[in-house]
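**Student:** for reference, the sequence and a predicted model appear below.
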Amino acid sequence: MTAHAMQRRVHDAHVLDRTELAPDVVLLGVHAPEAARFTKPGQFAMVMLPGGENAAVALGIYEAHGDRVSFMFFVCGKRTHDLARLHIGDRISFYGPLGNGFLLDDVHSGDVAIVAGGVGIASVLLPAQALIARGVTVRLYYGARSAERLVDAQRFADAGCEVHTSTDDGSHGYHGYISDLLASASHTPTLILACGPTPMLRATARVGTERHVPTQLSLEETFACGVGGCWGCVVPLTRTSAQAPSFPPIECDGSDVVNARICAEGPVFWAHELRW
Amino acid sequence: MTAHAMQRRVHDAHVLDRTELAPDVVLLGVHAPEAARFTKPGQFAMVMLPGGENAAVALGIYEAHGDRVSFMFFVCGKRTHDLARLHIGDRISFYGPLGNGFLLDDVHSGDVAIVAGGVGIASVLLPAQALIARGVTVRLYYGARSAERLVDAQRFADAGCEVHTSTDDGSHGYHGYISDLLASASHTPTLILACGPTPMLRATARVGTERHVPTQLSLEETFACGVGGCWGCVVPLTRTSAQAPSFPPIECDGSDVVNARICAEGPVFWAHELRW
Amino acid sequence: MSVDLRVRIGTLELPVPTLTASGCYGYGTEFEDFLDMRSVGAVVLKSVTRKPRLGNATPRLVHTPSGMLNAIGLQNPGIDWYLDHDVAKFAALPWKVIGSVAGFAVDDYAYVCERLAARPEIAAIEINISCPNVAHEGETFACDPHLTEKVVRSARATTDKPLIVKLSPNVTDIAAIARVAEAAGADALAVINTVRGMAIDIDARKPRLGNITGGLSGPAIRPIAVLAVYEVARAVKIPIIGQGGIETATDALEFLLAGASAVCIGTANYADPRVPEKIVAGIREYLARRNLRSVRQIIGEANVGFANSYQKEGDEG
Amino acid sequence: MSVDLRVRIGTLELPVPTLTASGCYGYGTEFEDFLDMRSVGAVVLKSVTRKPRLGNATPRLVHTPSGMLNAIGLQNPGIDWYLDHDVAKFAALPWKVIGSVAGFAVDDYAYVCERLAARPEIAAIEINISCPNVAHEGETFACDPHLTEKVVRSARATTDKPLIVKLSPNVTDIAAIARVAEAAGADALAVINTVRGMAIDIDARKPRLGNITGGLSGPAIRPIAVLAVYEVARAVKIPIIGQGGIETATDALEFLLAGASAVCIGTANYADPRVPEKIVAGIREYLARRNLRSVRQIIGEANVGFANSYQKEGDEG
Ligand SMILES: Cc1cc2nc3c(=O)[nH]c(=O)nc-3n(C[C@H](O)[C@H](O)[C@H](O)COP(=O)(O)OP(=O)(O)OC[C@H]3O[C@@H](n4cnc5c(N)ncnc54)[C@H](O)[C@@H]3O)c2cc1C
Ligand SMILES: Cc1cc2nc3c(=O)[nH]c(=O)nc-3n(C[C@H](O)[C@H](O)[C@H](O)COP(=O)(O)OP(=O)(O)OC[C@H]3O[C@@H](n4cnc5c(N)ncnc54)[C@H](O)[C@@H]3O)c2cc1C
Ligand SMILES: Cc1cc2nc3c(=O)[nH]c(=O)nc-3n(C[C@H](O)[C@H](O)[C@H](O)COP(=O)(O)O)c2cc1C
Ligand SMILES: Cc1cc2nc3c(=O)[nH]c(=O)nc-3n(C[C@H](O)[C@H](O)[C@H](O)COP(=O)(O)O)c2cc1C
Ligand code: FES
Ligand code: FES
């Protein structure tokens, strides 16, 4: 029995609310009291499809409060298209909460920059709220393709974040990449948390290195199981990382790194421990 | 360009109403004025699935009036399960109307028995209505597994049919098969029309033969294209039938029958011309 | 910018690279009410045999996850009747038709090929040496390099029209069979025919298909087909007509990038008869987005070891 | 009436006929929070090799219609580390585990087999001679009767534990390979491993998988797998563990009726981790509905030429 045995389970829920935040961006609130209670910031769930025949979809847990958790997703393929067809009252099951979330146990003060790109926003509301509740200053750097896709930014402002935005097309905020906006900020944070597309994460990691700011990245890769059972979602990690999976300490395939499972050892890693 | 070129087409419709007539029996009204206008009794449509990746589902056109046609279906597999997830307002496309429907051009008087088993009911409302409008007497013999599954019988009574029912479990009407009820009827009809599962159709055909009543059967087989393009849905027919497809008049594979496509040459055939 | 969608299969020029698959689309007339038929570069006709055939017992179709099994069993009126009653009608059709020939012995193929190819209504000939639905007989040709060689060589001798050989995925090494077909004179390869499969009715406790086994088609097999095209494209220089589960422009583009010069759409027509139209529109958009002027520029682009120099040569003409 | 779900694979008795597939289910602990693990007859472990392996570059997974492609590339810590750090933990697990062995040369298999089989924690050994994701090397064994014979014979010599040989569907005639494996001493056959496939990213214009090609699994391949089981069951007398796209009790029953003595569930666990539980419940219901007392009574029922007399003999014991 694993340590999280009491917290992680299959939840048979139903849809409480459904909002189209933008074309092809859906926010789905579901009734799942236990998930709401046990979710830690940065964890995700595997959301099962009504019809079966395809793997569940990995989605960050966006909100977790009272009896409700929510998922925010971008319709980009068959499975998210299928989820987008759900209506209020429809049944929906998921398993979770999964993964280790952001590594925030020791963060009780300071000044945190949260960098979110596109759908990455879905994994950073809970960390933002948790940090603010602890009295930490949170600046959100939020980039998207266009103004229309900068969904739900107001929620972060309401939560007490200082919100900085960028768009690829210049239709709102800074015209360019969000990592460039972060790089050009006069202020140096004490910690960076980031979630978004891989190029954005790499750029953010570079900013962290240059400015000597410890940086946590929530990585994305195609998932199958979401629980460490298939080894499909790996990222190369230094063997000395506390997150490195148990593996022979000798050279393997001529390499001194080890492939860690993003779903099980992550999804959040320290940028300086990645060897990607 | 085929003769029916003006009538058959792809219809991009939306769901007007959705009723669960019984557990796993759905009635879906859709907005499709042209289909409503051109559908002949006993025709069907190929209803496309929202997600693609599977063939369209052959469904009888249940009602056709004004701007609305409806489909009544039993949730029995993946595709009908998917259709059952449609809600009011959702878009739905189908192609049709297809097939030749019942052969009613010469029926202006007399006394018609319509035999429907299970989901076969979905293909016989329009013929019942058409015949009653012409002053023909219509007796409906309607069988189902249980009372609960005898859906929408009242509609036929309201339309002016004399309704006889049977259930396999005796929970309503005659306890037994509907074809047995037909066989035991004191009255001999001038024409029998039937739609339902194959064993029921065979039994109905036997009643027709014994009583010397011309009998039309609307057949079912798994469809792929629904338009005669794949030769997947055949039934052996005597070569001399007016519905026999163009084929060499010589012996083929040692047989004097020809495989007719249910979707294109049918779905309705004269029972005495089948060689099944 | 208008984009050029023409491709060549041997000497046959097609206005668009989207064909409909043999046995799936009748003569085209069955579907013409539902789409703009200019999106169909050619209709590959149902396979015809020497003698008339009733085909297999029903059920002939089973729906499976993202696909279907079929076991039609080559129902057709035989080449004599076909020439007298059907072929003449093709001349009136505004789209090109490609004949398809099946058989049970080497000289069946040669005989039917020769008679069919002689007709001006027929733009090209495909030989189906890979039908999985005729009691194992039909398939053996494409599963055996020696038989493939014999059939292709003898069919080749009967006609100068473009000769397309349709390969089976049910082999250990499809590239090896492809090389044999090329060496024996094929002008093009159709890759792939259906994958052998079966479904069982747990209540009746017997196989669902009248024929017991059938051929799996539809999106389910697309990854298998893309790989087959990718591997064959590295092995031969003649053009490939990719097929197997193509439903969207993205799917069609996967095949073109893997090395196919054209694609066939079969099962997806039953999910939505407008699929060919949507695919052509989608390919146009993709090319425009990439500022390319011809679809021929992308053939084999995702295939590093792409052997086919044919398409580019053809381009100069 | 309580129904008996026990089946035997060689001398190994399983409480239920539902196993989880190699490489898909970790050690079982990853999933135990989500279902009643008594519905898992045994966990087939991820394949282990002689030397440690980092596995393939990412992406290693692609979702496809009703299935997925994977190319993990046998990431594992190597047999030495595995024996020292992992195997001891298995003793504490309340479910049975079956070891899986992969290799690149005949004596790799024998070496790893011998060392693994010597451990009491391991209930049986499966040899994976059909992994499609290691640069073609791995697969050649199951694609070549001669190599199959050698590998199986040498693995057989190392242990008396039940030896399961996992076959590849990527062959012209799987029944022929099955016969060779049986003759070489296999106690059971696992049918099938994944089907080779590929997907292309049309924007990046290259294959989606880091390894270029991968193995297709999930419901998409079920009809292919059912047929393979059906054909193998007619060719051999040893038990078969069916797998490939099993997601519901109906699916599992298809395999049992086709001639499998047990089934593995792989990809479907990712659609719903309760699948094993649901399948066991569904099999129970099916047997009760038919008034049967044992699942062994239905094995091969839909397969007229079913050769396997094993299950029935075993029944007497
Ligand atoms: C830990 C984790 C948390 C995640 N949280 C969220 C979340 O909260 N909300 C959310 O919307 N997604 C999230 N994702 C991503 C999400 O799981 C995938 O986008 C989803 O699986 C796509 O499934 P699909 O079947 O709809 O698309 P697929 O068929 O898998 O892909 C369709 C197309 O979209 C492309 N694509 C796939 N994923 C992405 C992507 N992320 N960005 C851009 N293109 C993509 C593919 O390359 C393909 O062309 C998360 C992923 C991980 C690993
Ligand atoms: C001309 C025509 C008209 C039709 N009209 C209607 C209609 O109006 N309403 C309607 O509900 N259906 C109708 N059908 C049947 C309908 O097309 C099929 O039931 C449907 O295709 C099932 O699709 P599926 O994917 O949900 O099930 P599948 O996955 O195809 O089948 C699921 C399971 O149900 C079983 N099954 C399939 N069809 C039936 C059936 N008809 N009866 C009992 N078991 C079945 C299969 O054997 C299988 O076990 C019609 C069929 C034809 C040919
Ligand atoms: C109902 C049906 C009938 C078919 N008949 C033939 C045939 O007669 N000759 C042939 O070469 N291929 C035949 N095929 C195979 C298709 O031409 C095509 O190669 C295959 O279905 C894969 O493409 P798809 O997935 O787009 O359908 C048939 C396929 C189906 C589904
Ligand atoms: C992610 C993944 C990893 C796999 N790894 C292995 C492996 O290490 N060894 C092996 O024999 N089979 C492996 N397989 C194949 C499965 O064990 C199984 O045979 C196959 O996936 C078909 O079953 P399914 O459709 O239920 O998944 C793997 C499959 C998947 C999806
Ligand atoms: S998704 Fe399976 S190990 Fe991470
Ligand atoms: S369903 Fe295709 S011919 Fe009837």
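**Tutor:** Looks like it arrived, so ask away. Ligands and ions are numbered 1, 2, ... in the order given.
**Student:** from here on, contacts and neighbour counts on C-alpha atoms
**Tutor:** Fine.
**Student:** ranges for the helices of the chain?
**Tutor:** Going with chain A. Residue ranges of the helices in chain A, as given by DSSP state H, are A:33-38, A:78-84, A:125-133, A:153-159, A:178-184, A:198-211, A:262-265.
**Student:** actually it's chain C I care about, not the one you picked
**Tutor:** C:79-81, C:87-90, C:106-117, C:140-143, C:145-156, C:174-183, C:222-235, C:249-258, C:268-271, C:275-289, C:310-316.
**Student:** buried residues in the second one?
**Tutor:** Same thing as helix C:87-90. Within helix C:87-90, the residues that qualify as buried are C:87, C:90, counting by 16 or more other Cα atoms under 10 Å in any protein chain shown.
**Student:** now check that helix, is it near chain B?
**Tutor:** No - in this structure, helix C:87-90 remains apart from chain B according to Cα under 8 Å from any Cα of the partner chain; the gap is never smaller than 12.6 Å.
**Student:** could you find the closest non-adjacent residue to residue C:239?
**Tutor:** residue C:188 (4.9 Å; Cα to Cα, 6 or more residues apart in numbering or on different chains).
**Student:** could you give the bridge partners of that neighbour?
**Tutor:** According to DSSP bridges, the partner residues bridging residue C:188 are residue C:164.
**Student:** contact partners for it?
**Tutor:** Applying Cα atoms under 8 Å, 6 or more residues apart in numbering or on different chains, we find residue C:188 in contact with C:9-10, C:162-165, C:182, C:238-241.
**Student:** swap in 7 Å and give it another go.
**Tutor:** By Cα atoms under 7 Å, 6 or more residues apart in numbering or on different chains, the contact set of residue C:188 is C:9-10, C:163-165, C:238-240.
**Student:** what's the answer for residue A:247, then?
**Tutor:** Shown here is residue A:247, whose contacts under the criterion Cα under 7 Å, 6+ apart are residue D:77.
**Student:** apply 8 Å and report the result again.
**Tutor:** By Cα under 8 Å, 6+ apart, residue A:247 lies in contact with A:258, D:77, D:81.
**Student:** I'd like to know which of the residues you listed is nearest to residue B:141.
**Tutor:** Out of the contacts of residue A:247, the one with the shortest distance to residue B:141 is residue D:77. That distance is 69.7 Å, counting by Cα to Cα.
**Student:** list the contacts of the closest one.
**Tutor:** Contact partners of residue D:77, counting by Cα under 8 Å, 6+ apart, are A:247-248, D:48, D:51-53.
**Student:** tell me the residue of chain A that sits nearest ligand 4?
**Tutor:** residue A:230 (4.6 Å; Cα to the nearest ligand atom).
**Student:** distance-wise, check that residue relative to residue A:79.
**Tutor:** For residue A:230, the distance to residue A:79 (Cα to Cα, to the nearest Å) stands at 20 Å.
**Student:** neighbour count for the two, which is higher?
**Tutor:** With other Cα atoms under 10 Å in any protein chain shown as the criterion, residue A:230 and residue A:79 differ in neighbour count, and residue A:230 comes out ahead with 25 against 20.
**Student:** contacts only, for the more buried one.
**Tutor:** If a contact means Cα under 8 Å, 6+ apart, then residue A:230 has A:224, D:23-26 as its contacts.
**Student:** leaving out sequence neighbours, find the closest residue to the residue in the stretch 101-250 of chain C positioned nearest to ligand 1.
**Tutor:** Here the stretch 101-250 of chain C gets closest to ligand 1 at one residue, residue C:250, 9.0 Å apart by Cα to the nearest ligand atom. The shortest distance from residue C:250 to any residue that is not its chain neighbour, by Cα to Cα, 6+ apart, is 6.9 Å, and that residue is residue D:202.
**Student:** verify the contact between the one you found and residue C:249 for me.
**Tutor:** No - applying Cα atoms under 8 Å as the test, residue D:202 and residue C:249 come out as separate, 10.0 Å apart.
**Student:** give the residue spans of the stretch 101-250 of chain C that score low on pLDDT.
**Tutor:** Low-confidence segments of the stretch 101-250 of chain C, defined by pLDDT under 70, are located at C:133-139.
**Student:** run a quick neighbour tally on the closest residue to ligand 4 within the stretch 201-317 of chain C.
**Tutor:** With Cα to the nearest ligand atom as the measure, residue C:220 is the residue of the stretch 201-317 of chain C nearest to ligand 4, at 12.2 Å. By the criterion of other Cα under 10 Å, residue C:220 has 30 neighbours.
**Student:** I'd assumed residue D:220 was in contact with it.
**Tutor:** Yes - with contacts counted by Cα under 8 Å, residue C:220 reaches residue D:220, the gap being 4.7 Å.
**Student:** residues shared between the contacts of these two?
**Tutor:** Contact criterion Cα under 8 Å, 6+ apart; residues shared by residue C:220 and residue D:220: C:65-67, D:65-67.
**Student:** so which of those residues is the closest to residue D:301?
**Tutor:** When the shared contacts of residue C:220 and residue D:220 are ranked by distance to residue D:301 (Cα to Cα), residue C:65 comes first, at 23.7 Å.
**Student:** check contacts around the closest one.
**Tutor:** Taking Cα under 8 Å, 6+ apart, we find residue C:65 in contact with A:53, B:54, C:220, D:66, D:219-220.
**Student:** farthest-separated two in these?
**Tutor:** Going by Cα to Cα, the pair spanning those furthest: B:54 and D:219, at 13.1 Å.
**Student:** contacts only, for the closest residue to chain C within chain A.
**Tutor:** Going by Cα to the nearest Cα, chain C is nearest to residue A:53 of chain A, at 7.1 Å. Listed by Cα under 8 Å, 6+ apart, the contact partners of residue A:53 are C:65, D:66-67, D:218-219, D:247, D:268, D:271.
**Student:** nearest to residue C:224, out of those residues: which one, please.
**Tutor:** For the contacts of residue A:53, the nearest to residue C:224 is residue D:67 (11.7 Å; Cα to Cα).
**Student:** my guess is the closest one contacts residue D:218. True?
**Tutor:** Yes - contact criterion Cα under 8 Å: residue D:67 and residue D:218 qualify, at 4.2 Å.
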